[in-house]
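Engineer: Please find the sequence and the predicted model below.
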Amino acid sequence: MSLRTIGPVMLVGAGKMGMALAQGWLDAGLQPANLILVDPNPGEIAREVAKDFGLTIHGDAVGLQPNVLVLAVKPQVMGAVMSGLKPVVGPQTLVVSIAAGIDIARISQGLGTGKVVRTMPNTPAQIGKGITGAVPAAGVTANERDAAETLLKAAGAVVWFDREDQLDAVTAISGSGPAYVFHLVEALAEAGRRQGLPDAIAEQLARQTVIGSAALLDADRAPPAVLRQNVTSPNGTTAAGLAVLMAEADGLTQLVDRTVAAARRRSEELGRG
Ligand SMILES: NC(=O)C1=CN([C@@H]2O[C@H](COP(=O)(O)OP(=O)(O)OC[C@H]3O[C@@H](n4cnc5c(N)ncnc54)[C@H](OP(=O)(O)O)[C@@H]3O)[C@@H](O)[C@H]2O)C=CC1
Ligand SMILES: O=C(O)[C@@H]1CCC=N1
C-alpha cells in the first residue's frame with residue numbers, strides 16, 4: 001500500500017505532533033487533496049502548512065468522510081472530541097490514535113468501532129526520522145494494519161507490540177525521549193556558559209555535539225558503549241567527566257530511570273482520565 005492510494009486521511013488536532021505527522025505524510029507523497037485537517041483553533045505551524053499546500057483547516061468534522069481518522073488531540077479532551085466525531089466514523093473507517101495513555105477500549109467505546117490502532121509517535125516524525133510504537137485492536141484486519149503502517153512509516157520507523165500496556169513504556173522512552181535529548185543540549189550549553197564561553201558559542205558547541213553524535217550513531221552501527229569508549233582516552237578528560245555522570249549511586253542511569261518511570265506513571269494516569 002502507498003500513501004497515494006490510502007484515500008482521505010482526516011487529522012483531528014493540528015497541533016505540534018499532528019502537524020509533525022502531517023508534514024511527514026505530505027513530504028512522503030500524500031496528496032494534499034487527501035489530507036483533511038480539523039482544528040477549531042489552529043496554531044501558526046498548521047496555518048503555514050495549510051497555506052503552503054493549499055489546504056483548508058476545518059473547524060469541525062461535520063459532513064466529512066475519511067478512510068482513516070487520526071486522533072491527535074490532548075488526552076484530556078479525547079472523550080469530548082470522540083463524541084463529536086461519532087457521525088464521521090463509518091463501518092470501514094480506520095481510527096489511528098496518537099494520544100498518550102488513552103487505551104483501545106476507550107477509543108472503541110468512544111467512537112463505536114473496533115477498527116482502532118493505538119500508537120505513540122515522536123516529533124522527529126516531522127523530518128521522517130521518528131519512531132512509532134503501535135498496537136492494533138483485535139478487530140483490525142491485516143490490510144488495515146498495512147494502511148496504518150504506511151501512514152506511520154512516512155514518519156520513520158514503526159514497531160508493533162502485542163501487549164497494549166507496553167505503549168506506556170514506549171511513551172516514556174521514545175514519545176517523550178526527544179525532550180530529554182533537547183534538555184541535554186540545554187544543560188550542556190548552560191555548563192559551557194558557566195565555564196566562561198560566550199552564550200552563542202556554548203549553544204553552538206552543545207547543539208552540534210548532539211547533532212554530530214546522533215549522526216555518528218546512525219552511520220556507525222557499533223553499540224553506543226563502543227562509541228562512548230572511542231571518546232574516552234585512558235585517564236583523560238572524558239574519563240574524569242564520565243566518573244561523575246556514571247557514578248553508581250546517583251549517575252545518569254539512575255536519573256534516567258526515575259525520569260522514565262515518572263513519564264510512564266503519567267501515561268497511565270492520563271489513561272485513567
Ligand atoms: N508532542 C509530542 O511530542 C507528542 C504528542 N503525542 C500526543 O499527541 C496529542 C497532541 O499533542 P500535541 O500535539 O503535543 O498537543 P497540541 O496542543 O500541540 O495539539 C493538539 C491540538 O488539538 C487542538 N484541539 C483541541 N480541541 C480540538 C477539537 N475538538 N478538534 C480538533 N482539534 C482540537 C488543539 O487546539 P488548542 O490548542 O486550542 O487546544 C491543538 O491545536 C496528545 O494526545 C499527545 O499525547 C504523542 C506523541 C508525541
Ligand atoms: O508529553 C506528552 O504527554 C506527550 C506524549 C509523549 C510526548 N509528548
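Structural biologist: That came through fine. These numbers were taken from a predicted model, which means no experiment stands behind them. Ligands and ions are numbered 1, 2, ... in the order given.
Engineer: tell me, how many neighbours does residue 133 end up with?
Structural biologist: Neighbours of residue 133 under the rule other C-beta atoms under 10 Å: 24. The way it works is simple: take the backbone N, C-alpha and C, and place the C-beta from them, glycine included.
Engineer: from what I can see it touches residue 174, true?
Structural biologist: Yes: using C-beta atoms under 8 Å, residue 133 is in contact with residue 174, at 6.9 Å.
Engineer: So for those two, which residues contact both of them?
Structural biologist: Common contacts of residue 133 and residue 174 (C-beta atoms under 8 Å, 6 or more residues apart in numbering): residue 120.
Engineer: Can you give the domain ranges for the chain?
Structural biologist: The chain breaks down by automatic domain parsing into domains covering 9-171, 177-272.
Engineer: Run the chain-centre distance for stretch 45-53.
Structural biologist: 20 Å (C-alpha atoms, centre = their mean, to the nearest Å).
Engineer: in that stretch, what's buried?
Structural biologist: 45, 46, 47, 49, 50, 53 (16 or more other C-beta atoms under 10 Å).
Engineer: how about that stretch against ligand 1, any contact?
Structural biologist: No: figure legend: stretch 45-53 not in contact with ligand 1 (C-beta under 6 Å from any ligand atom); closest approach 6.9 Å.
Engineer: mean confidence for whatever helix or strand residue 168 lives in?
Structural biologist: If you go by DSSP states H and E, residue 168 is part of helix 166-170. For helix 166-170, mean pLDDT is 97.
Engineer: Contacts for it next, please.
Structural biologist: Defining contact as C-beta under 8 Å, 6+ apart, one finds that helix 166-170 is touched by 101, 118-120, 133, 135, 159, 161, 260, 264, 267-268, 271.
Engineer: what do you get if the cut-off is 7 Å, keeping everything else the same?
Structural biologist: Here helix 166-170 makes contact (C-beta atoms under 7 Å, 6 or more residues apart in numbering) with 101, 118, 120, 133, 135, 161, 264, 267, 268.
Engineer: Check which element follows it along the chain.
Structural biologist: Scanning forward in sequence from helix 166-170 by DSSP H and E, the next helix or strand is helix 177-194.
Engineer: what about that following helix and ligand 1, touching?
Structural biologist: No: using C-beta under 6 Å from any ligand atom, we find that helix 177-194 stays clear of ligand 1, coming within 6.7 Å at best.
Engineer: Kindly report the same for stretch 55-64.
Structural biologist: No: on the criterion C-beta under 6 Å from any ligand atom, stretch 55-64 is out of touch with ligand 1, staying 7.0 Å away.
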